[in-house]
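> Just a sequence and a predicted model for now, questions to come.
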Amino acid sequence: MNPVSDSPVLSIVGTTASGKSSIAMALAREIPNVEIVSIDSMQVYRGMDIGTAKPSVQDQIEVAHHMIDLVDPSIEYSLSEFQSEAINAIEEIEGRGAVPLLVGGTGLHLRAVIDNFEIPKQYPTVGKELSGEVDTTKLHKLLTQLDPVAADRMENTNRRRVLRALEVTLGSGRPFSSYGPGMQKYGPTRFRMVAPKWEREEVNRRIDERFKKQMEMGFLEEVRELNRNPEGLSRTARQALGYRQFLDHLDGVFSLDEAIDVAKRQIRKFARRQERWFMRDPRIQWFDIERNPLEMLPVLMKEWRHATS
């Protein structure tokens, strides 16, 4: 990245349902010329609004948002495309004299943007062949043989990551772990990362409460509408939590109650994985939250005023 400015860029990261978006909107109302850059791998898809907790139309009118509604869900949107588009957005915002504010919980995409990783190419033929194996743990064992470093960095049930690592390793003839500076290296960055930290039980409660609201907003109907699209959903879009379970429900795999239960359990597991991912990064400052994520706001405003004075 060749930034237009070397000024610090505030980045609000952390687990799902932790209040990142509400903090971002509150900051944007206080800091002049802020524009939000979403670091969420699923909010790039048009029509996937409710289940991805996409900012409301009103919020997007009030504050400019970037990296949202970029492609149809039938299209595969790669990490390298996300990286390039997000970096361009940050540079374009700064070029106009405005202030970028990064917000999101997709850890790999965040690292790709702030650390400017070298992103390996895609090998669709290899990927298609690998997808024929339904046993993810078996694929992980193969990855352990070919690239034990990469295999050690991911859970043996994380199908998307295991498939991608194998696709790159087999397609390029080069270990997946050899790309970029390495996920375990955390170099200097101008991105100032902060994260709200809740007790585990409270995170679970917030996830359940948000899912209930999403159902009331028409989450299932949103998935039904997406499923009617003759072009279907891309492999990545289908993996979005909640969407995957409701698609299985529509295919007769789950009853509705079963789909809701499985979705909530998977989202809780995802939140734990997110927390472990972000906790490994020593550059992130965590804020213990008791009742409201906006408890972070006074400290963040004080730091911002100090940084810009």
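Structure's in. What do you need?
> Now do stretch 126-136: everything it contacts.
Outside stretch 126-136, the residues that touch it by CB atoms under 8 Å, 6 or more residues apart in numbering are 139, 156-159, 162-164, 166-167, 170-171, 235. (Glycine included, C-beta is placed from N, CA and C.)
> Quick one, which of those residues are buried?
For the contacts of stretch 126-136, a neighbour count by 16 or more other CB atoms under 10 Å gives the buried set as 139, 158, 159, 162, 163, 164, 166, 167, 170, 171.
> Out of the contacts of stretch 126-136, which sit inside helices?
Within the contacts of stretch 126-136, residues falling in helices by DSSP state H are 139, 159, 162, 163, 164, 166, 167, 170, 171, 235.
> got the phi/psi numbers for residue 38?
phi -80, psi 130 (degrees, to the nearest 10).
> Pretty sure it sits against residue 104.
Yes. Counting by CB atoms under 8 Å, residue 104 is a contact partner of residue 38 at 5.6 Å.
> Could I get the phi/psi values of residue 39?
The phi and psi values for residue 39, taken as degrees, to the nearest 10, are phi -110, psi 70.
> Identify the residue nearest it in space, chain neighbours excluded?
residue 104 (2.9 Å; CB to CB, 6 or more residues apart in numbering).
> Now for the one you found: which residues touch it?
Residue 104 neighbours (CB under 8 Å, 6+ apart): 12, 13, 20, 38, 39, 40, 43, 110.
> cool, and residue 100?
For residue 100, the contact set (CB under 8 Å, 6+ apart) comprises 9, 34, 35, 37, 89, 90, 93, 94.
> how does it look with 7 Å?
In this structure, residue 100 makes contact with 9, 35, 37, 90, 93, 94, judged by CB atoms under 7 Å, 6 or more residues apart in numbering.
> Quick check: can you name the pairing partners of whichever strand or helix holds it and their directions?
Using DSSP states H and E, residue 100 falls within strand 99-103. Strands adjacent to strand 99-103 in the sheet, as given by DSSP bridges, are strand 9-12 (parallel), strand 34-38 (parallel).
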